[in-house]
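Asks: Sequence and predicted structure below; questions after.
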Amino acid sequence: MIGRSFSLSNVIFMVPLTGTVAVSPVTVAEPTVTPLVSIAIDYNIAVDSPHHVHKGTMTPGDADAGRGASGIKDAARLVYTLVAMTEEEAQAFGINAADRHAYIRLDPAKVNIARHSSVATWFQLHSQDIGNGAGDYPNGDSMQVAKPWEPPATWSGTSAVSLNAVLDNIAAGLGDGQRYSNAPAAGDRAAWAVVQKHHPTKTEAQCRSIIHAWLDSGLIYPDDYKDPVQRKTRKGLFVNDAKRPS
């Protein structure tokens, strides 16, 4: 009966892996998944099975995050991770920190038969009423449904014109002769604020991401200059005009 069910399927889902093979998440090893591999081969179907991960901080796309022996990962053709949004990501996306656990990211960790992508696929959890309310239980139950979600793009709404306007301001420095800075305590000299001046809908984190990207590419760079206000040598940001967007 089970074999007939397999033969009529293209893919089967076994949730979770440890429940399917009746072993502890800690002791699960490569022989544990051998029957699943045999099912896939014998019936020419795909087998998908979620698996527990280690405790503590989880790195998106870490193929070794699964609990148990590494042989489980080695036996799989495709491995993905599901990780809740971090506080830093929530800040970058302009999402309330209290709501970040409603957002999860899917990242490729091991891809043998498909092109690898470095871009995460995001989902947002929504509460869905299942309509079983009645009598003494009028509100019924609800379940979490994952819907595709697109994070706001850091660079959306920008153009060569607007970005060059930002760079012009950074190149000119402040009116008193001081230069902008990317230091955490830059205050009025904060370079991210110049980005936000020309792109007011962007969050501080998004503006900082743009500044960091420019620093990484060498479009802007820190160098020594004589601060006329502080009367001392300080680090300030300068623009490499050869790398400006066009």
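Replies: Looks like it arrived, so ask away.

Asks: how about the strands of the protein, start to end?
Replies: 11-13, 46-48, 78-84, 103-111, 121-129, 142-149, 220-227, 232-239 (DSSP state E).

Asks: what mean pLDDT does stretch 142-156 have?
Replies: The average pLDDT within stretch 142-156 is 87.

Asks: Quote the end-to-end distance of it.
Replies: 35 Å (Cα to Cα, to the nearest Å).

Asks: where does this structure dip in pLDDT?
Replies: 1-9, 15-32, 68-71, 91-92, 111-119, 246 (pLDDT under 70).

Asks: and the strands of the chain as JSON lines, adding mean neighbour count and distance to residue 95?
Replies: C-betas here are computed from N, CA, C, even on glycine. Shown next, in JSON lines, are the strands of the chain (neighbours: other Cβ atoms under 10 Å; distance: least, Cβ to Cβ, whole Å):
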{"stretch": "strand 11-13", "mean neighbour count": "12", "distance to residue 95": "30"}
{"stretch": "strand 46-48", "mean neighbour count": "17", "distance to residue 95": "29"}
{"stretch": "strand 78-84", "mean neighbour count": "17", "distance to residue 95": "12"}
{"stretch": "strand 103-111", "mean neighbour count": "18", "distance to residue 95": "7"}
{"stretch": "strand 121-129", "mean neighbour count": "14", "distance to residue 95": "10"}
{"stretch": "strand 142-149", "mean neighbour count": "12", "distance to residue 95": "10"}
{"stretch": "strand 220-227", "mean neighbour count": "14", "distance to residue 95": "28"}
{"stretch": "strand 232-239", "mean neighbour count": "16", "distance to residue 95": "29"}
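
Asks: Of these, which is nearest residue 59?
Replies: strand 78-84 (7.8 Å; Cβ to Cβ).

Asks: what residues does that closest one touch?
Replies: Surrounding strand 78-84, the residues in contact under the criterion Cβ atoms under 8 Å, 6 or more residues apart in numbering are 53, 58-63, 65-66, 73, 100-101, 103-114.
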